[in-house]
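[1] Okay, sequence plus prediction incoming.
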Amino acid sequence: MEVVTVDLRSDTLSLPTADMRCAMAEAELGDDVYGEDPTVNRLQLLAAELFGKESALFVPTGTMGNLISVMCHCWQRGSEVLLGDQSHIHRFEQGGIAQLAGVHPKTIRNLPDGTFQLSELQAKYQTSADVHFASTSLICVENPIEGKVLPLSFMVQLRSVADELKLPIHLDGARVINAATALGVPPKLITKYADTANICLSKGLCAPVGSVIVGSKQFITKAKRVRKLLGGGMRQAGVLAAAGIISLNVISKKLYLDHDNAKYFAQNILSLAPDLVEVNLKHVTTNIAMFQINNAMPTKNGQTVAQEFVWRMENTSDGSKTRVKMCAFGDVTVRAVFYHQISKLDVQKALEKFELVASAWRNEL
């Protein structure tokens, strides 16, 4: 029996398109550490224009892009960053800003919609006047955060507060083009409210490697120095940047298809099994669908209900010809992510598998 796998764990699983592979093979190359790779330079100019900044820098990963940005903003020892407690920088980058940069993170509680109380940010701001405390040097914000798009009104208010406190803002915009697509605005209308931003090319944008940092010319000059320190200086990097150019020029315009698939999936699992799952459809606006599993469902081997659900969706011992991979986030929350290679037929197969799992699991109650 041939088993079909539908992998919804992350959009990092997206693959470079045929056009990307051709562009990579034919890319004009040079030494990027010397600033002489013409394809990298084209990508950087394109990114600076698209996100409305003076300059841009191609880096190997989004994690490195965020770390470089924090290090550049927090140049002085004894600095701290204010950031959301659910943000990627805080939760999923191994505490790199503390471990490698010596920068203290101070968290603000993310609200269900991904924003945070600006009054809490103001209350946690700390000047260098008191020698007992780290000095607040930067605000980091993630948009979108787990698929939830922050309203432009929040970004406007955040910019106003940052200006009052004389603090720069770094935007972890790994999927900011998804946010722009959902809002129906150009990406630069979101990034304008941040001093710097990190944008990932290898998630839903399908490039095999890389992110871009955007900011002022002065900032990017400093970022190049930090990139070299961290081992991110690449040589003939145009073979990678060529794919990134297609990411920004072509794939970015197709992200709405991934959003449609995420919404279709979320609506249908709720319709098929309202007793098993709970979904806040207002938060399914990009390519990520987060949903909660009924905690009363029986589990095995000490697993959480989220882990049990993920296992059942992937297991084929029930005779199913479809294996669906997802990620468990905490005890009851599951994440499904949609990207370029996930077709409407794949979504339908995932829903058929879901219906089979829901029916069998429900019978065990």
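    Done, it's in.

[2] for the stretch 251-365 of the chain, what spans make up the strands?
    Using DSSP state E, counting those that start in this stretch, the strands of the stretch 251-365 of the chain run over residues 277-278, 288-293, 322-325, 327-329, 333-337.

[3] which residue is nearest the middle of this structure?
    Ala174 (4.1 Å; CA atoms, centre = their mean).

[4] tally of neighbours for the residue nearest to that one when sequence neighbours are not counted?
    In space, and not counting its chain neighbours, Ala174 is closest to Cys200: 4.1 Å by CB to CB, 6 or more residues apart in numbering. Heads up, the C-betas are built off the backbone N, CA and C, glycines and all. Residues near Cys200, counting by other CB atoms under 10 Å, number 25.

[5] ditto for Arg109
    Quick note: Arg109 (other CB under 10 Å) scores 10 neighbours.

[6] gap between it and Ser87?
    Distance from Arg109 to Ser87, counting by CB to CB, to the nearest Å: 11 Å.

[7] Run through who's touching stretch 275-289.
    Contacts to stretch 275-289, defined as CB atoms under 8 Å, 6 or more residues apart in numbering, come from residues 11, 112-113, 144, 146-149, 175, 178-179, 181-182, 204, 255, 258-259, 261-263, 265-267, 269-270, 290-294, 297, 335-339, 358, 361-362.

[8] and Lys254, how many neighbours?
    For Lys254, the count of nearby residues is 13 (other CB under 10 Å).

[9] could you list every residue that touches it?
    Applying CB under 8 Å, 6+ apart to Lys254 gives the contacts His340.

[10] Buried ones in stretch 271-283, by neighbour count?
    Within stretch 271-283, the residues that count as buried by 16 or more other CB atoms under 10 Å are Ala273, Leu276, Val277, Val279, His283.

[11] actually stretch 304-324, not the one I wrote
    Across stretch 304-324, burial judged by 16+ other CB under 10 Å covers 304-310, 312-314, 320, 322-324.

[12] Dump those to a markdown table, plus distance to Gln348.
    Formatted as a markdown table, these follow (distance: CB to CB, whole Å):
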| residue | distance to Gln348 |
| --- | --- |
| Thr304 | 28 |
| Val305 | 25 |
| Ala306 | 23 |
| Gln307 | 25 |
| Glu308 | 24 |
| Phe309 | 19 |
| Val310 | 20 |
| Arg312 | 19 |
| Met313 | 15 |
| Glu314 | 18 |
| Ser320 | 14 |
| Thr322 | 10 |
| Arg323 | 15 |
| Val324 | 11 |
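
[13] Export these as JSON lines, with columns for distance to Ala27 and pLDDT.
    Shown next, in JSON lines, are these (distance: CB to CB, whole Å; pLDDT from 0 to 100):
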{"residue": "Thr304", "distance to Ala27": "46", "pLDDT": "96"}
{"residue": "Val305", "distance to Ala27": "47", "pLDDT": "96"}
{"residue": "Ala306", "distance to Ala27": "42", "pLDDT": "97"}
{"residue": "Gln307", "distance to Ala27": "43", "pLDDT": "97"}
{"residue": "Glu308", "distance to Ala27": "46", "pLDDT": "96"}
{"residue": "Phe309", "distance to Ala27": "43", "pLDDT": "96"}
{"residue": "Val310", "distance to Ala27": "39", "pLDDT": "97"}
{"residue": "Arg312", "distance to Ala27": "44", "pLDDT": "95"}
{"residue": "Met313", "distance to Ala27": "39", "pLDDT": "96"}
{"residue": "Glu314", "distance to Ala27": "38", "pLDDT": "95"}
{"residue": "Ser320", "distance to Ala27": "43", "pLDDT": "84"}
{"residue": "Thr322", "distance to Ala27": "38", "pLDDT": "94"}
{"residue": "Arg323", "distance to Ala27": "36", "pLDDT": "96"}
{"residue": "Val324", "distance to Ala27": "36", "pLDDT": "98"}
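
[14] Keep only those of these that are in helices.
    Judged by DSSP state H, the buried residues of stretch 304-324 include Val305, Ala306, Gln307, Glu308, Phe309, Val310, Arg312, Met313, Glu314 as members of helices.

[15] how many neighbours does the nearest residue to the first one once chain neighbours are set aside have?
    In this case it means Val305. Distance criterion CB to CB, 6+ apart; nearest residue to Val305, sequence neighbours excluded, is Ile293 at 4.4 Å. Counted with other CB under 10 Å, residues neighbouring Ile293 total 24.

[16] Equivalent analysis for Ile177, please.
    When counting by other CB under 10 Å, one arrives at 28 neighbours for Ile177.

[17] cool, Leu111 as well?
    Leu111: 13 neighbours (other CB under 10 Å).

[18] I'd like the distance between it and Leu150.
    When distance is defined by CB to CB, Leu111 is 10 Å away from Leu150.

[19] Which residue ranges of the stretch 151-300 of the chain form helices?
    Remark: helices assigned in the stretch 151-300 of the chain by DSSP state H, counting those that start in this stretch are 152-165, 176-183, 188-191, 217-229, 238-249, 255-272.

[20] Nice, that's everything, thank you.
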